[in-house]
Every structure is written in structure tokens, then in C-alpha cells.
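> Model the structure of this input:
(one chain, ligands or ions: 1)
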Amino acid sequence: MLPTVAIVSVHACPLGRLGSRETGGMNVYVRELATELAKQGLAVDVFTRRTDPADREVVEMAPGATLVRVTAGEIGPMDKNAVYDYLPQFVAGVERYRRDQGRRYDVVHSHYWLSGRAGIDLAARWHAPHLTMFHTLGEVKNRCGAPGQESELRIAVERQVVHSVDLTIAASEDELHHLVDLYDADPERVTIVPCGVNTRLFSPLPRGEARAKLGLNGHRTALFVGRMDPLKGLDLLLLAAHELRRSVPDLQLLVVGGDASPESEEGRVRDLARELGLADRVTFVGAVPQTELPTYYSAADLCVVPSFYESFGLVAVEALACGTPVVASRVGGLPGVVKHGENGLLVANRTASDFATSIGELCRDEGRRAGLALRARASVARLVWESVARRILQIYDETLAAAGPAGALSSLRR
Ligand code: UDP
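Next up is the predicted model:
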């Protein structure tokens, strides 16, 4: 019988197709963390809600890391607030799997508020310590100015989770402050672990080759990569491109992410591009598998992250790892990654004209852009998943040690 870490990720399947409205950084995080923890000797089971009857229920994600898809409610996509009602069923499904497999979980590590709620029940049942990561916080999303409101339910559950877990892991200083200021978290029970990036996959390719591969001409290219969510601020980038139509007449935008159904966010953004007369300057590529993204990052002159909020900003890190400077909103965790004037530009006021100024500056001054590009990769070299997992492992160890001698980490290793 192998002692095991239970990673609870109700809402984000680590093997989900990235780039649609609901699948992005959190899915990547859970996938990379589980894989790396397993590499470092832990037995890891990841639990997620089953959303497609065609998916296998139990899959080996990586040696030592198993993904378990638990049936909770109808098997299919479901609004996250609706998923809440099925959490008891989810918890029962996890417990059934544990019993059937004869597993013992020494640590519960939950991701996002829904999993945090499920994690409370699982940790109590198993007398195991519970660590959580929120990835985004409802209260912060409601205050950041993005369209739409997060539910009171979400915020109440986040509060409950913050006050019941052994430790909350925040991705940035900014997130820690929000946890303390908006959720009254005890700062002693919050620790910061920045996210990672796969620097082997995300590495610079010769720009000419990358451009040729994508069929790009010699035009200036600004890249957007992200989930199709209003939070990502794509409208602002289109408005900025509109402002730049005379001063940077050859600017083209590549938009990666999204799904092409007519009622999707992508449909709305496409309409806006048409209304602004940008139809021939913007290419909507759709969702792209991560393995192909280095070509896009390497082909672009710059990557733009105009988000209302980012708790960390994986896209910015990936672009930098590929040697591409980033122009980003000065929000959330982004200033921890994008250093103004070193590897990119931060835009303090989220306005189209300020974004246009920064993008325009880098498009017109190749020397400046190239200088930022030169420092880009080295600026994120420290953020490898291996180090993230090593730090998380250390946190498990400390948490278990605090929970008593029975919980020494040595018992966790396979
Ligand atoms: N991504 C992808 N294909 C796409 C769009 C996005 O693989 O078409 C990935 C991207 O590489 C990144 C993640 O989705 O790792 C988005 O993470 P980020 O932290 O930037 O945003 P979040 O989804 O957490 O809001």
C-alpha cells in the first residue's frame, strides 16, 4: 500500500484541452505539479469531475501520477456554481475510489474554491492536513473592474476554506495581500510559491523559421494567448490596435485561444474586431496545444497581456521563456514577472491609449525591443516546475511535521 497525496481539482481537469473559456493556467498547474511531485518520489492521485462519458475514469497521467475522473452530477460541462451542489457526491466518489484501491492519503491539496470545499470534507474524513490554492479569488475578480460578478456563494466558501485549511499557497505577493486584507487570512498560514514554466518546451525558436511556419509576412506581430474570458481584456488590445492603425500601419494581431461557437466570447470579440475595421489585421487562430505555442511566441515581436487581473500570469512567463518581450497590465502577479524596462513594459492605466503607446514604442524602436528580448529568457529561468514541486514537497513535509511525528515526510515517499 503506497502512501499518497490527493490533489483535488474538481473544476480543472489536468488533461483538459487548453484555451477555451474554462481551461487554462489552473489545468496546467495541476498537470505539471502532479507530474513533478511523482518524479520526485511521491505517489499522487488527482481527482477531477468527469465531464465527458468518452473519457476513461482512471488514467495514468505520468509515472506515479494517476488521474481519477469522479462522477458528480450529469457527466458533461456544468456551470461551476451548479457543481457546488454535487460536491457531496464528488466527495463520496473519491472516498469510494480510496476504499476500493486500499489507499491512504496523507495530504489533501485542493485547487480553487470548489475543491477547497470538497477538501475540507476529505481532510476531516482522513484526518489529513489540507493545503489549498485558489488560483483566483472571487472577491478580487469582483473588484478588478471586469464584466460579470462572482457569486456570494463562491466568496463565502473561499472564506470558509481560508479559515479551515492548514495552509494556503499563494502564487504571488499580491494574492497573499488579498487573502489577508479581503479574507482576514492569518498571514502565518499563507505562503507564496510562484508558478513554474516548462523551459524545455518554452524556448526560443529562430524567429524567421517560426514566422515561415505560421505563414506570417514581415509585418509587426503582437500576440495574445489566453482563455476566452472577458477577464483577459482582449477588447482593450483591439482598441489599442485601432489607435495604432496610422502610426504602426503594418501591425497585425494574432489571437490564440477560444472556441468558435457563435455565442462564445470569441464570437463577441470577432464582432468587435469587425466593427473597428480590424478584420484584416487580426487573425483568430483558435485554441492551440501547448506543444505548438513556442512557435507562436517565437514568431511574435511582442506578447500582450491586457488582463483586468492575473494571480500569476503563465502566458507572460511562457512568452518570456521563448525570448519574447511582454506588454502587460500592472495588475496582480504580473509585476512579479514582467519587469518594466527589463523584459517588457507594464501599463499602469488599463486604457487603450496607454497600451497603444507601449505597443507602439516597441514596434517603432527595434533596438529597444531587441534589448528587452535579450533579457527575457534569463528573467524567468528560475521558474521551473521542478523547483516548484520541490518547494511544495517541503511544505507538505513541514505541515506533516507540525501535525505530529506520525506524519514525517519519509512515509510519503514511494
Ligand atoms: N493555453 C494553451 N492554448 C491556448 C490558450 C492557452 O495551451 O490556446 C495555455 C497557456 O499556455 C497557459 C494557460 O493556457 O499555460 C493560461 O494560463 P494563464 O495563467 O495565463 O491564464 P489563466 O488560465 O490561469 O487565467
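> And residue 26, how far from residue 293?
Going from residue 26 to residue 293 by CB to CB, to the nearest Å gives 17 Å. Every C-beta, even on glycine, is put in place using the N, C-alpha and C of the backbone.
> who has more neighbours, those two?
residue 26 (25 against 21; other CB atoms under 10 Å).
> Would you confirm that the more buried one contacts residue 14?
No - using CB atoms under 8 Å, residue 26 makes no contact with residue 14, being 9.0 Å away.
> Look at the residue in the stretch 101-250 of the chain that the ligand sits nearest to and report its pLDDT.
Nearest residue of the stretch 101-250 of the chain to the ligand, counting by CB to the nearest ligand atom: residue 227, 4.7 Å away. In this model, residue 227 is scored at 89, pLDDT.
> Show the contacting residues for the nearest residue to residue 377 once chain neighbours are set aside.
With sequence-adjacent residues excluded and distances taken as CB to CB, 6 or more residues apart in numbering, residue 377 is closest to residue 323, at 5.0 Å. Counting by CB atoms under 8 Å, 6 or more residues apart in numbering, residue 323 makes contact with 203-204, 298, 373-374, 376-377.
> Now do residue 323, the pLDDT please.
Reported pLDDT for residue 323: 98.
> May I ask which helix or strand encompasses it?
Per DSSP states H and E, residue 323 falls between elements, in no helix or strand.
> what about the residue of the stretch 101-250 of the chain closest to the ligand, is that helix, strand or coil?
Under the three-state scheme (DSSP: H, G, I helix; E, B strand; the rest coil), residue 227 adopts coil.
> Surely it is in contact with residue 22?
Yes - the pair residue 227 / residue 22 is scored as a contact, 7.2 Å apart, by CB under 8 Å.
> quick one: the strands in the stretch 251-400 of the chain?
For the stretch 251-400 of the chain, strands defined by DSSP state E, counting those that start in this stretch occupy the ranges 252-256, 282-286, 302-305, 326-329, 344-347.
> Which among those strands is found nearest to residue 185?
strand 326-329 (24.6 Å; CB to CB).
> check whether that closest one contacts the ligand.
No - counting by CB under 6 Å from any ligand atom, the ligand has no neighbours in strand 326-329; the shortest distance is 10.5 Å.
> Show me what that strand is packed up against.
strand 302-305, helix 314-321, strand 344-347, helix 352-364 (3 or more CB pairs under 8 Å, 6 or more residues apart in numbering; DSSP states H and E).
> orientation of the last one relative to strand 252-256 in degrees?
Computed by axes from the mean of the first three to the mean of the last three CA atoms, to 10 degrees, the angle separating helix 352-364 from strand 252-256 equals 110 degrees.
> what does the second one give?
Relative orientation of helix 314-321 with respect to strand 252-256: 120 degrees, computed using the same axes, to 10 degrees.
> packing partners for helix 314-321?
Using 3+ CB pairs under 8 Å, 6+ apart, helix 314-321 sits against helix 25-39, strand 221-225, helix 293-299, strand 302-305, strand 326-329, helix 366-379.
> Now with 7 Å, please.
helix 293-299, strand 302-305, strand 326-329, helix 366-379 (3 or more CB pairs under 7 Å, 6 or more residues apart in numbering; DSSP states H and E).
> what is the mean pLDDT for the third one?
Put plainly, it is strand 326-329. 98.
> Residues contacting it, please?
233, 302-307, 313, 316, 319-320, 334, 338, 343-347, 350, 355, 358-359, 362 (CB atoms under 7 Å, 6 or more residues apart in numbering).
> starting at the chain centroid, how far to it?
16 Å (CA atoms, centre = their mean, to the nearest Å).
> how about residue 61, secondary structure?
strand.
> Show the pLDDT at residue 85.
98.
> Among the helices and strands packed on strand 326-329, single out whichever gets nearest to residue 69.
Residue 69 sits nearest to helix 314-321 of all the helices and strands packed on strand 326-329, at 23.8 Å, using CB to CB.
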